[in-house]
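# predicted structure and sequence below. I'll ask about it afterward.
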Amino acid sequence: MRKHTSSRRQIRLLALVAGAALALTACSAGSLGSSGGGGDGVSLTFLVDSNESNLAAAESAAAAFTALHPDITVEVEGRPGGSEGDNIVKTRLATGDMPEVFLYNSGSLFQAIGPVQNLVPVSDQPWVADLETNFKNVVTAEGQVYGAPFGPQMTGAVLYNKRVYADLGLEIPTTWEAFTANNAAVAAAGLTPVIQTYGDTYTSQLFVLGDFHNVASAEPDFAQRYTAGEAKYATSPAALKGWQHLQELHDAGYYNEDFPTAKLEDGLRQLGAGEGAHYPMLSNALAVLALTSPEGAQDVGIFPIPGEDAGANGLTVWSPSGVYIPKTTEGAQLDAARQFQAFLAGPEGCAAQAEGATPTGPYAVNGCELPDDVLPATHDFQSYIDAGAFSPALEFLSPIKGPALEQITVEVGSGIRPAADGAALYDEDVRKQALQLGLEGWE
């Protein structure tokens, strides 16, 4: 793995990822990018959703690949994110107009693009053996693997200020009871125990979504029963906990005073400055943290959202997106596209991506190591992966995620709606989506 030691370079690259982290649930549209060079032979187009981090990582990877394969040129093409980007991908697949290689979601959204009908399987490629198991599962359809990972994994967990912990003599909590005790100590010291930023409503979801490792530990078949319409948030004691914790912390007065209007950058600044001790957030926000508080970012670590069982303590992890080849890619271009996929799914490809955008989580490829200059929280994340203390997020095990979740978690976290009522309302939101998807077992 290539080593990166310049802090100036790290901040410059983190500026590129800020665009993605500022909109964790809504990708921004971007312009066309291009990379590659030389090569009078085969030309490939690599279609990516054009937030700055993806473009930077894709262009860096394309250039590094062409340097190794001068007869293959890779051009990076940007597309919008969100629903507009989804429509572009589905339309181009349906019309046979998809570029030779493209980046798209793994998990439930991957299943929605008809992989068996539209994509070239890669199960017979030797690099598949080095893929992280959860990623392999979320790019598999009818027993065939279809994608190579692009970018790092992500977790929904608690970002915490290590300096505050050291000053107060606190230890990382592995149970909710211990977390509550830490919050009481932080409040007694005159600091904010838990930062919330409901000015960006999507950030309100983490105590529910990031708690899924604890749900899966208590109810291993929850995802299957949830998909079948048999398990509900309001009636599952384990799944209800996340909602109850959201209300409990509000009722205890542990949130920052400006939580109804504060935004992601505000929360990260407070955390980096040591004004607050904890901020439940997705790990890709670490890129913004390095910009909002470059020095404070070095004081920030990460730990899982605690549950009831210390022995089951672990992270909820989101798999990276996948790089796929449409069936319309043939001949010499298919051979070249397979080589590009293999490159991305190996240490050289991971290193090339890191040259373009410093990773905020571990890669989903065995043998891909993090650069030396990643933030401390990223190293913390890696330690849980190395220990096997993690579970995939629910959305990678089930196609159902109700669209109103962030609005409902804002209400519960703001004391507007009780936890049990919020969970029941979300169950109804989920039911509507399941009916739209035509899933069996729902009425």
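Yep, it's here. Predicted, not measured: the structure shown is a model, and the values here were computed from it. Numbers count the residues shown, from 1 in each chain.

# contacting residues around the most centrally placed residue in the chain?
Among the residues of the chain, the one closest to the centroid is Met154, at 3.5 Å (Cα atoms, centre = their mean). Met154 sits next to Leu282, Ser283, Asn284, Val317, Trp318, Pro320, Thr360, Gly361 when contact means Cβ atoms under 8 Å, 6 or more residues apart in numbering. No exception for glycine: its C-beta is placed from N, CA and C like everyone else's.

# wasn't Ile302 part of a strand?
Yes - membership of Ile302 in a strand is supported by DSSP: H, G, I helix; E, B strand; the rest coil.

# hang on, it packs against His379?
No - Ile302 is not in contact with His379 according to Cβ atoms under 8 Å; the separation is 9.2 Å.

# with neighbour numbers in mind, choose between those two.
A count of neighbours by other Cβ atoms under 10 Å puts Ile302 above the other of Ile302 and His379, at 25 against 14.

# for the closest residue to the residue nearest to the centre of the chain other than its chain neighbours, phi and psi?
Nearest residue to Met154 in three dimensions, chain neighbours excluded: Trp318, at 4.2 Å (Cβ to Cβ, 6 or more residues apart in numbering). In terms of degrees, to the nearest 10, the main-chain angles of Trp318 are phi -100, psi 130.

# quick one, phi psi at the residue nearest to the centre of the chain?
phi -140, psi 150.

# repeat that for Gly96.
The phi/psi pair for Gly96 (degrees, to the nearest 10) reads phi 70, psi 20.

# quick check: it vs Gln117, distance?
12 Å (Cβ to Cβ, to the nearest Å).

# again, but for Glu295
Between Glu295 and Gln117 the computed distance is 51 Å (Cβ to Cβ).

# swap in Leu206?
Counting by Cβ to Cβ, the gap from Leu206 to Gln117 is 36 Å.

# between these two, which has more neighbouring residues?
Comparing Leu206 with Gln117 by other Cβ under 10 Å, the one with more neighbours is Leu206, at 23 against 10.

# hang on, that one is in a helix, isn't it?
Yes - assigned with three-state DSSP, Leu206 falls within a helix.

# find the nearest non-adjacent residue to it, please.
Pro280 (3.9 Å).

# who's that neighbour bridged to?
Val158 (DSSP bridges).

# so it touches Gly210, yeah?
Yes - using Cβ under 8 Å, Pro280 makes contact with Gly210 at a distance of 6.2 Å.

# between the two, which has more neighbouring residues?
Counted by other Cβ under 10 Å, Pro280 and Gly210 do not tie: Pro280 has more neighbours, with 27 against 24.

# and that one, what does it touch?
Gly156, Ala157, Val158, Leu159, Val194, Gln196, Leu206, Phe207, Gly210, Ile305.

# wait, which of the residues you listed is closest to Ala393?
Proximity of the contacts of Pro280 to Ala393 (Cβ to Cβ) peaks at Gly156, which lies at 7.1 Å.

# wait, a helix at that closest one?
No - counting by three-state DSSP, Gly156 is not part of a helix but strand.

# OK, contacts around Ala277?
Contacts of Ala277 were listed using Cβ under 8 Å, 6+ apart, and they are Tyr160, Asn161, Val164, Tyr165, Asn182, Asn183, Val186, Leu191, Thr192, Pro193, Val194.

# before we move on, what about Ala234?
Leu240, Ala420, Ala423, Ala424, Tyr426, Asp427.

# at 10 Å instead, please
Ala234 sits next to Leu240, Trp243, Ala419, Ala420, Asp421, Gly422, Ala423, Ala424, Leu425, Tyr426, Asp427, Glu428 when contact means Cβ atoms under 10 Å, 6 or more residues apart in numbering.

# one more: Trp442?
Contact partners of Trp442, counting by Cβ under 10 Å, 6+ apart, are Thr227, Ala228, Gly229, Glu230, Ile400, Val430, Arg431, Lys432, Gln433, Ala434, Leu435, Gln436.

# which residues does Asp49 form beta bridges with?
Arg79.

# give me the number of residues near the closest residue to Gly346 other than its chain neighbours?
In this structure, Gly346 finds its nearest non-sequential neighbour in Trp127, 6.1 Å apart by Cβ to Cβ, 6+ apart. By the other Cβ under 10 Å criterion, the neighbourhood of Trp127 contains 19 residues.

# likewise the one 4 residues further on?
Here the number of neighbours of Leu131 (other Cβ under 10 Å) works out to 21.

# so it touches Ala364, yeah?
Yes - using Cβ atoms under 10 Å, Leu131 makes contact with Ala364 at a distance of 6.4 Å.

# what do Pro280 and Gly210 both touch?
Common neighbours of Pro280 and Gly210, counting by Cβ under 10 Å, 6+ apart, are Gly156, Ala157, Val158, Ile305.

# how much space separates the last one from Ser217?
Right, Ile305. For Ile305, the distance to Ser217 - Cβ to Cβ - is 12 Å.

# more neighbours, these two?
A direct count of neighbours by other Cβ under 10 Å for Ile305 and Ser217 places Ile305 higher, at 29 against 18.

# run through the stretch 201-350 of the chain and note the low-pLDDT ranges.
Low-confidence segments of the stretch 201-350 of the chain (pLDDT under 70): none present.

# picking that back up, which ones among the contacts of Ala277 lie within strands?
Under the assignment DSSP state E, these contribute Tyr160, Asn161, Thr192, Pro193, Val194 to strands.

# any chance of those residues in JSON lines, with pLDDT too?
Converted to JSON lines, the ones in strands among the contacts of Ala277 look like this (pLDDT from 0 to 100):
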{"residue": "Tyr160", "pLDDT": "98"}
{"residue": "Asn161", "pLDDT": "98"}
{"residue": "Thr192", "pLDDT": "98"}
{"residue": "Pro193", "pLDDT": "98"}
{"residue": "Val194", "pLDDT": "98"}
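
# now the strands for this protein?
Going by DSSP E, the chain shows strands at 42-49, 72-79, 101-104, 140-141, 144-145, 148-150, 154-161, 192-194, 276-282, 300-303, 315-318, 321-324, 390-392.

# leaving out sequence neighbours, find the closest residue to Gly367.
The shortest distance from Gly367 to any non-neighbouring residue, by Cβ to Cβ, 6+ apart, is to Pro347 (5.0 Å).

# could you do Gly78 as well?
Ser50 (2.9 Å).

# so what does the one you found look like in phi/psi?
With angles defined as degrees, to the nearest 10, Ser50 sits at phi -90, psi 50.

# that one reaches Glu84, doesn't it?
No - Ser50 lies out of contact with Glu84 (Cβ under 10 Å); the separation is 11.2 Å.

# thanks a lot, see you next time.
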